[in-house]
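Colleague: sharing a model that was predicted from the sequence below.
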Protein chains: 2
Amino acid sequence: MRPDRIQILIDALRVLPGVGPKSAQRLAFTLLQNEREGAQTLADAISDALTHLRHCEKCHTLTDQPLCNVCANPKRNDALLCVVQSPMDQLLIEQTMTYNGLYFVLMGKLNPLDGVGPKDIGIDALLKRATDGIVNEVILATHFTNEGELTAHHIAEQLTSRGLQVTRLAKGVPVGSELEQVDLGTLAQAMTGRRGAFS
Amino acid sequence: MRPDRIQILIDALRVLPGVGPKSAQRLAFTLLQNEREGAQTLADAISDALTHLRHCEKCHTLTDQPLCNVCANPKRNDALLCVVQSPMDQLLIEQTMTYNGLYFVLMGKLNPLDGVGPKDIGIDALLKRATDGIVNEVILATHFTNEGELTAHHIAEQLTSRGLQVTRLAKGVPVGSELEQVDLGTLAQAMTGRRGAFS
């Protein structure tokens, strides 16, 4: 049997999350038959990103510069520091256009069962960064999962003891949801955290 | 604003069918954070396939050799010729392991409304190929859509008038289906085309 470049491409496409053998086949033939130009652009974009992206020296997000666009922007409020679990979470918050402060990007979340401790995800670097004398509020935007909450609690404990104001993203009912679509825990949090209506 | 390699990658991923802005983001960060090695393999596989794949001289499928694996295999039955709409359809039939003949891969299907005629999809080349004196049965495996059926009818007409036996994939109820899951047209075809039970 000769080496088969189509099969190599089909196998390589399996690296994409959620892509099984059948959709990998479909993707491969779409790229080869209908999207040749876009396919080459994609190959170049992947290689180029892998080669040039590194971690921002200040916030640890992915960037192709020593400092990322956010950290290098003098118009951002450097008294606010938002802690996220990943570069993608940072991008999502940027896209809400509700935040004008800086970020600190952890390398994931605490997971004691798997042996992932504070140093492994960069919490020691965060403590140093947050106590620079300029930051006065740290906003915890880790996920609302068990590990994300654990991570938030751990950081909050460390930072409040150092005299910083520590806040957490609001818990509640997602916009557009019917009440029956959310779980009781969320509903309980929404009730406990209720606010003045339309104020 | 500096050029942003992450955004370039996110945009490039949109070439994949079914990938919208949000899943493109998720794919990009997965590749950059958790699958760096697989991502480089994917980029190389795409480039390599685009560079080296061409059409088989005999059946027109995609291959990196002058003749594809099937056409070059002396054990295949060269009296049988299966006509498919695309290289992917050819691969799907190969994977059923029910067919030992050769193929002819059309470049799509007839579509008079869009001005796609017989020459545009290679039917003239098929007629020449099928009348080589060795082929005696042509199996039509175009899709069971309007255009696929039109294409099959057109080819059948041309080939029967040249004295060849022309067959079509069986229509019927898909394996694993309940009857209520198939449309009435399919059920009617399954009734009309009924065969001896378990023979």
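Modeller: Everything's here; your move.

Colleague: that's a strand at A:Val83, yeah?
Modeller: Yes - under DSSP: H, G, I helix; E, B strand; the rest coil, A:Val83 falls within a strand.

Colleague: how about stretch A:46-61: buried residues?
Modeller: By neighbour count on 16 or more other C-beta atoms under 10 Å in any protein chain shown, the buried set for stretch A:46-61 is A:Ile46, A:Ser47, A:Asp48, A:Ala49, A:Leu50, A:Leu53, A:His55, A:Cys56, A:Lys58, A:Cys59, A:His60, A:Thr61. (C-beta placed from N, C-alpha, C; glycine too.)

Colleague: actually stretch A:65-79, not the one I wrote
Modeller: Going by 16+ other C-beta under 10 Å, stretch A:65-79 has these buried residues: A:Gln65, A:Cys68, A:Val70, A:Cys71, A:Arg76.

Colleague: now A:Leu31: closest residue in space that isn't a chain neighbour?
Modeller: Among residues not flanking A:Leu31 along the chain, A:Ala39 sits closest, at 4.0 Å (C-beta to C-beta, 6 or more residues apart in numbering or on different chains).

Colleague: ugh, wrong one, I meant A:Asn100
Modeller: A:Asn100 sits nearest to A:Asn77 (C-beta to C-beta, 6+ apart), 5.0 Å away.

Colleague: model confidence score at the one you found, please.
Modeller: On pLDDT, A:Asn77 comes in at 96.

Colleague: what separation do you get for the residue nearest the centre of chain A and B:His153?
Modeller: Residue closest to the mean C-alpha point of chain A, counted by C-alpha atoms, centre = their mean, is A:Asp89 at 2.4 Å. As defined by C-beta to C-beta, to the nearest Å, A:Asp89 lies at a distance of 55 Å from B:His153.

Colleague: A:Leu32 too?
Modeller: The spacing between A:Leu32 and B:His153, counted by C-beta to C-beta, is 29 Å.

Colleague: show me where chain A has its strands.
Modeller: For chain A, the strands defined by DSSP state E occupy A:54-55, A:62-63, A:77-84, A:101-105, A:137-140, A:165-168.

Colleague: okay, the ones you listed in TSV with distance to B:Asp4 next?
Modeller: Output for the strands of chain A, formatted as TSV (distance: least, C-beta to C-beta, whole Å):
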stretch	distance to B:Asp4
strand A:54-55	14
strand A:62-63	8
strand A:77-84	18
strand A:101-105	16
strand A:137-140	24
strand A:165-168	29
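
Colleague: and of those, who's closest to B:Ile123?
Modeller: strand A:62-63 (50.6 Å; C-beta to C-beta).

Colleague: and the closest one, what's its mean pLDDT?
Modeller: 94.

Colleague: and chain A, what are its domain boundaries?
Modeller: Here the domain assignment for chain A is A:5-52, A:62-168, based on automatic domain parsing.

Colleague: which of the ones you listed sits most buried?
Modeller: Stretch with highest mean neighbour count among the domains of chain A: domain A:5-52 (a mean of 18; mean count of other C-beta atoms under 10 Å in any protein chain shown).

Colleague: shaky segments in chain A?
Modeller: Residue ranges of chain A with pLDDT under 70: A:1-3, A:199.

Colleague: would you confirm that A:Pro21 contacts A:Gln7?
Modeller: No - A:Pro21 is not in contact with A:Gln7 according to C-beta atoms under 8 Å; the separation is 10.8 Å.

Colleague: any idea how far A:Val135 is from A:Arg76?
Modeller: 12 Å.

Colleague: over to A:Leu32?
Modeller: Here A:Leu32 is placed at a distance of 51 Å from A:Val135 (C-beta to C-beta).

Colleague: next one: A:Leu106
Modeller: Distance from A:Leu106 to A:Val135, by C-beta to C-beta: 16 Å.

Colleague: show me the biggest helix of chain A in terms of residues.
Modeller: As assigned by DSSP state H, the longest helix anywhere in chain A is helix A:36-52.

Colleague: what's the angle between that one and helix B:36-52?
Modeller: 140 degrees (axes from the mean of the first three to the mean of the last three C-alpha atoms, to 10 degrees).

Colleague: mind listing the shared neighbours of A:Arg76 and A:Val135?
Modeller: Counting by C-beta atoms under 8 Å, 6 or more residues apart in numbering or on different chains, the contacts common to A:Arg76 and A:Val135 are A:Leu102.

Colleague: so which residues of chain A form helices?
Modeller: A:5-13, A:21-33, A:36-52, A:87-96, A:123-130, A:146-160, A:184-192.

Colleague: quick revisit: distance from the chain centre to the longest helix of chain A, please.
Modeller: Counting by C-alpha atoms, centre = their mean, to the nearest Å, helix A:36-52 is centred 22 Å from the centre of its parent chain.
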